[in-house]
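Undergrad: Below are the sequence and a predicted model for it; my questions follow.
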Amino acid sequence: MSSASRALSAFTAFTALPVFRRLSRRRALTGAVAGLVVSGLLLWWVLPFGASSPSGSLVFSTGVSKGVYQRYGTLLKDALGRDLPDVDIALRTSEGSQQNLARVTSGEADFTIATADAVAKYKRDGLPGAEELRGCARLYDDYVQLIVPMASDVKSARDLKGKRVGVGHDGSGVRIIADRLLKAAGLDPKNDITPVPEGLDTLPGRLERGEIDAFFWSGGLPTGTVQQLSERFSIRLVPLEEELVERLHTVGDPTSHYRSAVIQPNAYFHVQDGQAVPTVAVANLLVTTDRMDPEMAEGVTRTVINSRDGIGQSVHPAQRVDLRTAVYTDPLPLHRGARHYYRSVKP
């Protein structure tokens, strides 16, 4: 029998079926098609933007060469290289949060890390591109560490009067919070101390050599460079009591992002002698702008969350990255690519 004859026979058999059976088959076919459409829409919702992995190049602005931002950025670059193989990623060290924000808004960098208080200040000051800033994730908290030699007579921030104090680079988040804490302690950051505007790459060595009396650092716990300093030189962490934090909230700056916290006894084994030290903490944010491609922002956010345990083995603060809190990027709105990611993994 020819193909045409077989087709004619099949058509004749179909038309000979009772009407209700033909309608049932049509309804079944229609239902199957509708199911495929719904399934396709659901897949579109839960899968990343676009049909393929993002491609292109990214610049990630990190921090000082020996700081947590820089170490975290190096390991995150490796993780992104595995997850986004078609994206070339370059790292740039920086002086810290303020410079990082300026780079992202100017287009010199695509992603960065910055503290929530630095972001709030950048927005309050109306600096260029402030309204374009977007958050992708809340990462881990920075803990303020006021470090002095073990034999120092400095017992509180107020005792820094007349001392040579490392306050962080001018473009750093450390500088912002150091100045605010000094004001809260009743000191003028310019006149009551001798400010040394350097960072973690040089200040530990200067303290060890007696060239400064104290230095501020704001970073995750433990900070490797501080840990290494403690292993070769006797240092002490100066308590930043809750009363100081309360006064910090009244100095007139956008300080609502600071909270009282505790440096746990095991953060620096050689320093704390089993004692907890009160201090101030502030959240770090993964930052980009609203110009960033949604697919790229989603991919980077996904890697940040999924690489937590791997990075956390080397950079302990990364262990604090938590899917349940990462979505809270105040004072920045979420980037829409990051929002799409969080919705896709919502239980």
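TA: Nice, thanks for sending it over.

Undergrad: buried ones in stretch 131-142?
TA: Residues of stretch 131-142 classed as buried by neighbour count (16 or more other CB atoms under 10 Å): 133-142. C-beta here means a position set from N, CA and C on the backbone, and glycine is covered the same way.

Undergrad: JSON lines for these, including secondary structure?
TA: Compiled in JSON lines, these are given as follows (DSSP: H, G, I helix; E, B strand; the rest coil):
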{"residue": "L133", "secondary structure": "strand"}
{"residue": "R134", "secondary structure": "strand"}
{"residue": "G135", "secondary structure": "strand"}
{"residue": "C136", "secondary structure": "strand"}
{"residue": "A137", "secondary structure": "strand"}
{"residue": "R138", "secondary structure": "strand"}
{"residue": "L139", "secondary structure": "strand"}
{"residue": "Y140", "secondary structure": "strand"}
{"residue": "D141", "secondary structure": "strand"}
{"residue": "D142", "secondary structure": "strand"}
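
Undergrad: Let me have the residues you listed in TSV, adding distance to S106 as columns.
TA: Shown next, in TSV, are these (distance: CB to CB, whole Å):
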residue	distance to S106
L133	12
R134	15
G135	18
C136	19
A137	22
R138	24
L139	22
Y140	26
D141	27
D142	24
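
Undergrad: which residues of the stretch 151-300 of the chain fall in strands?
TA: Assigned by DSSP state E, counting those that start in this stretch, the strands in the stretch 151-300 of the chain fall at 164-166, 194-196, 214-219, 235-237, 259-263, 277-289.

Undergrad: Single out the most deeply packed of those strands.
TA: Stretch with highest mean neighbour count among the strands of the stretch 151-300 of the chain: strand 214-219 (a mean of 26; mean count of other CB atoms under 10 Å).

Undergrad: In the stretch 51-200 of the chain, mark out all the helices, start to finish.
TA: Assigned by DSSP state H, counting those that start in this stretch, the helices in the stretch 51-200 of the chain fall at 68-83, 97-106, 116-124, 173-184.

Undergrad: now those in CSV, with mean pLDDT, mean neighbour count and distance to V315?
TA: Listed next are those as CSV, based on pLDDT from 0 to 100; neighbours: other CB atoms under 10 Å; distance: least, CB to CB, whole Å:
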stretch, mean pLDDT, mean neighbour count, distance to V315
helix 68-83, 94, 19, 5
helix 97-106, 96, 24, 17
helix 116-124, 94, 23, 19
helix 173-184, 93, 25, 17
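
Undergrad: Out of those helices, which gets nearest to Y268?
TA: For Y268, the closest of the helices of the stretch 51-200 of the chain is helix 68-83, at 14.4 Å, according to CB to CB.

Undergrad: From the chain's centroid, how far away is that closest one?
TA: Centroid separation for helix 68-83 versus its chain: 12 Å, with CA atoms, centre = their mean, to the nearest Å.

Undergrad: In CSV, could you pull the C-alpha coordinates for it?
TA: Written as CSV, here are the backbone C-alpha positions of helix 68-83 (Å, rounded to 0.1, in the frame of the first residue of the first chain):
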residue,chain,number,x,y,z
VAL,A,68,39.9,40.7,53.8
TYR,A,69,38.4,42.4,50.7
GLN,A,70,41.4,41.5,48.7
ARG,A,71,41.6,37.9,49.9
TYR,A,72,37.9,37.4,49.4
GLY,A,73,38.0,38.9,45.9
THR,A,74,40.9,36.7,44.9
LEU,A,75,39.0,33.5,45.9
LEU,A,76,35.7,34.8,44.5
LYS,A,77,37.5,35.4,41.1
ASP,A,78,38.5,31.7,41.1
ALA,A,79,34.9,30.6,41.8
LEU,A,80,33.5,32.9,39.1
GLY,A,81,36.0,31.5,36.7
ARG,A,82,34.5,28.1,37.2
ASP,A,83,30.8,29.2,37.2
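
Undergrad: and that helix, what does it pack onto?
TA: Packing contacts for helix 68-83, counted by 3 or more CB pairs under 8 Å, 6 or more residues apart in numbering; DSSP states H and E, involve strand 56-61, strand 87-92, strand 111-115, helix 294-306, helix 308-312.

Undergrad: Could you tell me the end-to-end distance of stretch 296-315?
TA: In stretch 296-315, first residue to last residue: 24 Å (CA to CA, to the nearest Å).

Undergrad: quick one: contacts of it?
TA: 48-49, 53-54, 56, 58, 68, 71-72, 75-76, 79-80, 83-84, 87, 111, 134, 136-137, 139, 220, 286, 288, 318-319, 321-323, 326, 335-338, 340-342, 345 (CB atoms under 8 Å, 6 or more residues apart in numbering).
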